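# build me a model from this:
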Amino acid sequence: MLKWLLIFVPVTIGLEFFRPDAHTYIFIAACLSIVPLAGILGQATEQVAHHAGEGIGGLLNATFGNAAELIIAIAALQKGLYDVVKASLTGSIIGNILLVFGVSVVAGGFRHKTQRFNSTAASAQAVLLTLAAIGLIVPAAFHHLQAPSSVVPENALGLDIAVVLLLAYAAHLVFSLYTHKRLFQGKSTESNEEKHAVWSLGKAVLILATATAFIAWISEILVGSVQQAAKAFGMTEIFVGVIVVAIIGNAAEHSTAVLAAMKDQMDLSFGIAVGSSLQIALLVAPLLVILSHFIGPSPMNLAFSPAEVLAIFLSVLITGQVAADGETNWLEGTQLLAVYVILAIVFYFLPESASSY
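Sure, this is the predicted structure:
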């Protein structure tokens, strides 16, 4: 549906080579390029998962589901833009559980008066999401509670917590893909036409590799222009990271979750939205902390700014309340969207000095 936006891929590359000073145009073109590339990446991942089987397929979806966000973050990590990295992580977490799930609930709620999903699986994911929030909030609290004159190894703290989060994510994979996988299967409304629309494994792998390579290239261009573009638009870097870049990186998941909700597949829709946030908090963020010891100018810690910590905490809180009873309606979706808009307004007016340590 959005494949026509692929025209912006050569436009972005052309601007980067022939108009490297046109940062605003480069940023806009790069954002528009990543949207269809992320969609192709998601489709290719699903096709590879079809051939690999449920267990390996689930792991592939967990690995590549947030590939666009991971690649964008790595590009920013290499340039030492840690505030942009943390902002994009925050944006992905709150964007998935508030914006993606909120729009999905509204879209599905207008077609179906009440939609239900497995409350046991939802509760397990909500608790894990709370654990993820704790793992990101504690380093920020530690940063503020330490004595000003003391030398505290914040980088070591972040690295240790990153390992714990990765272990928690591994446990979640075992729980959802092996010991309790029946809780996460949901119901299928796939048509016969959709069942036969399967690519060969070779084609799927080739498209997956090609989309990943282009996203990596365009992401590096995007990150290189983000600071100048933010100034040109009168926006802070944290607003661009939390709102703009996060929405672009999650483009593929937005459409998939909404379409699933409209088909009354709320288990799938909830799994995409909340599962993606879990991947960001428990897999992507810890991986970036570890990678920063090798590719960044200096190690990155997990101490998010107070505004980011508050946004994550509030998002997890209201999502847990919505998921508690195992059913949704359009009003709950509008409430999630209202929280997202409120947070977006806060980040828009937040001064640059308050968005970093």
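
# which regions of the stretch 1-150 of the chain sit below the pLDDT cut-off?
1-2, 45, 49, 52-68, 147-150 (pLDDT under 70).

# what about the helices in it?
8-18, 23-52, 54-64, 67-78, 82-94, 101-111, 119-145 (DSSP state H, counting those that start in this stretch).

# any buried residues in the second one, and which?
Burial within helix 23-52, assessed by neighbour count using 16 or more other C-beta atoms under 10 Å, is assigned to 23, 25-49, 51-52. Every residue, glycine included, has its C-beta placed from N, CA and C.

# how far off helix 67-78 does it point, in degrees?
Here helix 23-52 runs at an angle of 130 degrees relative to helix 67-78 (axes from the mean of the first three to the mean of the last three C-alpha atoms, to 10 degrees).

# returning to what we had before: among the helices of the stretch 1-150 of the chain, which is the most enclosed?
Most buried of the helices of the stretch 1-150 of the chain, by mean neighbour count (mean count of other C-beta atoms under 10 Å): helix 82-94, with a mean of 28.

# please state the offset of that one from the chain centre?
Between the centre of helix 82-94 and the centre of its chain there are 9 Å (C-alpha atoms, centre = their mean, to the nearest Å).

# and it with helix 67-78, angle?
Counting by the same axes, to 10 degrees, helix 82-94 lies at 160 degrees to helix 67-78.

# quick one on the thing from earlier: do you know which of the helices of the stretch 1-150 of the chain lies nearest residue 287?
Using C-beta to C-beta as the measure, helix 67-78 is the one of the helices of the stretch 1-150 of the chain that comes nearest residue 287, at 7.3 Å.

# what packs against that closest one?
Where contact means 3 or more C-beta pairs under 8 Å, 6 or more residues apart in numbering; DSSP states H and E, helix 67-78 is packed against helix 23-52, helix 82-94, helix 201-233, helix 246-249, helix 285-295.

# so what touches the last one?
When you say that, I think you mean helix 285-295. For helix 285-295, the external contacting residues (C-beta atoms under 8 Å, 6 or more residues apart in numbering) are 70, 73-74, 77-78, 82, 85, 89, 136, 158-159, 161-163, 165-166, 169, 298-302.

# for the fourth one, same thing?
The contact list for helix 246-249, computed with C-beta under 8 Å, 6+ apart, reads 31, 34-35, 38, 66, 68-69, 72, 88, 90-92, 94-95, 99, 254.

# quick check: mean pLDDT of it?
Mean per-residue pLDDT for helix 246-249: 72.

# same check, this time on the third one
For helix 201-233, the mean per-residue pLDDT is 82.

# so that helix versus helix 23-52, what angle?
Angle between the axes of helix 201-233 and helix 23-52 is 160 degrees (criterion: the same axes, to 10 degrees).

# show me what helix 201-233 is packed up against.
Using 3+ C-beta pairs under 8 Å, 6+ apart, helix 201-233 sits against helix 8-18, helix 23-52, helix 67-78, helix 237-239.

# contact partners for residue 298?
Counting by C-beta under 8 Å, 6+ apart, residue 298 touches 80, 292.

# part of a strand, is it?
No - according to DSSP: H, G, I helix; E, B strand; the rest coil, the state of residue 298 is coil, so it is not within a strand.

# I'd like the numbering to begin with 58 instead of 1 from here.
Okay, residue one is now 58; in that scheme the one you just asked about reads as residue 355.

# list phi and psi for it.
Summarising the backbone geometry of residue 355 under the convention degrees, to the nearest 10, its torsions are phi -160, psi 160.

# next, count neighbours for residue 282.
Here the neighbour count serves as a burial measure; for residue 282 (other C-beta atoms under 10 Å) it reads 25.

# list the contacts of it.
By C-beta under 8 Å, 6+ apart, the contact list for residue 282 reads 80, 81, 83, 84, 87.

# and with 7 Å instead?
The contact partners of residue 282, taken as C-beta atoms under 7 Å, 6 or more residues apart in numbering, are 80, 83, 84, 87.
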